[in-house]
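Novice: Got a predicted structure here, sequence first:
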Amino acid sequence: MFRINPGRLVTRLTLGAERLPLLCIDGLFLDPGELIDHARNAMFVDVGSNYPGVRAPAPAQYVDALLGAVNGPVAEAFGVPMRTDLEMCAFSMITTPPEKLQPRQRNPHFDGPEIDRIAFIHYLCAPEQGGTSLYRHRATGLAEITPANLAGYQSVLAAELARQVPAQGYVRDATGLFERIHTVGAMFNRLIIYKGNALHSGDIGPGTVLSEDPARGRLTINGFGRLIS
């Protein structure tokens, strides 16, 4: 079950002046259709206001297979391997219509300021469902939020948002407040891993099907973990 593809393609990138690492693995599993079958039988729930959609736990066997496949590439891309105790690993589908997004959901975000935090997305959907982009905050020049710059970033952004409410809808390109610095397109059975403190957003647009049906919607497996410090 959940056999790793020995012919998977691993690509390592570094982005921006910060040289933020981004790992992309194409063709990760030999039979990714098994994951869609699991998703069809999963119990998806609304996980709250931060994520604009629904989630369900990924199978434990998937987590084991994933960790075995990515530990070496993560160590090469990020300089150290990742811990095996993931904070989250879940089927995820964006389902919230653009007109119903809260203001905080209309800008790029970060998953936490910890410098050892990493995030991953495994796409189980078609390319037109939308990939993921990384951003830089124009006023501060920050693309990565750390404990040292968190308070300053939040203060500047809060002042900006008090003057200018973000446009209604998902962010998909450069805005007055944020510059897009890189985009990774969605591809079926593609996994990307990046720093969780990097400013990022899903590219949710006209081609994204906002459905809770795993066979039709923007099905991904998302997770958070930590690097070994």
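Specialist: Right, received. Where do you want to start?
Novice: Which of the three states applies to E128?
Specialist: helix (DSSP: H, G, I helix; E, B strand; the rest coil).
Novice: Start at 47, not 1
Specialist: Yes, from this point I'll number from 47; that puts the last item at E174.
Novice: Can you give me the pLDDT of it?
Specialist: In this model, E174 is scored at 97, pLDDT.
Novice: thought it was touching D249?
Specialist: No - in this structure E174 lies outside contact range of D249 using Cβ atoms under 8 Å: 10.3 Å. Backbone N, C-alpha and C define where each C-beta goes, glycine included.
Novice: Give the other helices and strands that the helix or strand containing I267 contacts.
Specialist: Under the criterion DSSP states H and E, the helix or strand holding I267 is strand 265-272. Packing contacts for strand 265-272, counted by 3 or more Cβ pairs under 8 Å, 6 or more residues apart in numbering; DSSP states H and E, involve helix 79-86, strand 134-140, strand 163-169.
Novice: any chance of those in a markdown table, with mean pLDDT too?
Specialist: Below are the helices and strands packed on strand 265-272 laid out as a markdown table (pLDDT from 0 to 100):
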| stretch | mean pLDDT |
| --- | --- |
| helix 79-86 | 96 |
| strand 134-140 | 97 |
| strand 163-169 | 98 |
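Novice: Kindly provide the distance from I140 to A208.
Specialist: From I140 across to A208, the span is 28 Å (Cβ to Cβ, to the nearest Å).
Novice: Looking at those two, which one has more neighbours?
Specialist: I140 (21 against 8; other Cβ atoms under 10 Å).
Novice: What's opposite that one in the beta bridge?
Specialist: G99 (DSSP bridges).
Novice: so how far is Q175 from it?
Specialist: On the measure of Cβ to Cβ, I140 and Q175 end up 9 Å apart.
Novice: Give me the distance from the strand holding I267 to the chain's centre.
Specialist: Averaging C-alpha positions (Cα atoms, centre = their mean, to the nearest Å) puts strand 265-272 7 Å from its chain's average.
Novice: relative to its centroid, which residue of the chain is most remote?
Specialist: R209 (28.5 Å; Cα atoms, centre = their mean).
Novice: L223 versus that one, what's the distance?
Specialist: 10 Å.
Novice: residues touching the residue nearest to the spatial centre of the chain, list them.
Specialist: Nearest to the mean C-alpha position of the chain, counting by Cα atoms, centre = their mean, stands I167 at 5.0 Å. By Cβ atoms under 8 Å, 6 or more residues apart in numbering, the contact set of I167 is T178, L237, I238, T266, I267, N268.
Novice: Including neighbour count, pLDDT and distance to L81, could those go into JSON lines?
Specialist: Listed next are the contacts of I167 as JSON lines, based on neighbours: other Cβ atoms under 10 Å; pLDDT from 0 to 100; distance: Cβ to Cβ, whole Å:
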{"residue": "T178", "neighbour count": "20", "pLDDT": "97", "distance to L81": "19"}
{"residue": "L237", "neighbour count": "24", "pLDDT": "98", "distance to L81": "12"}
{"residue": "I238", "neighbour count": "23", "pLDDT": "98", "distance to L81": "16"}
{"residue": "T266", "neighbour count": "27", "pLDDT": "98", "distance to L81": "10"}
{"residue": "I267", "neighbour count": "25", "pLDDT": "98", "distance to L81": "7"}
{"residue": "N268", "neighbour count": "19", "pLDDT": "97", "distance to L81": "13"}
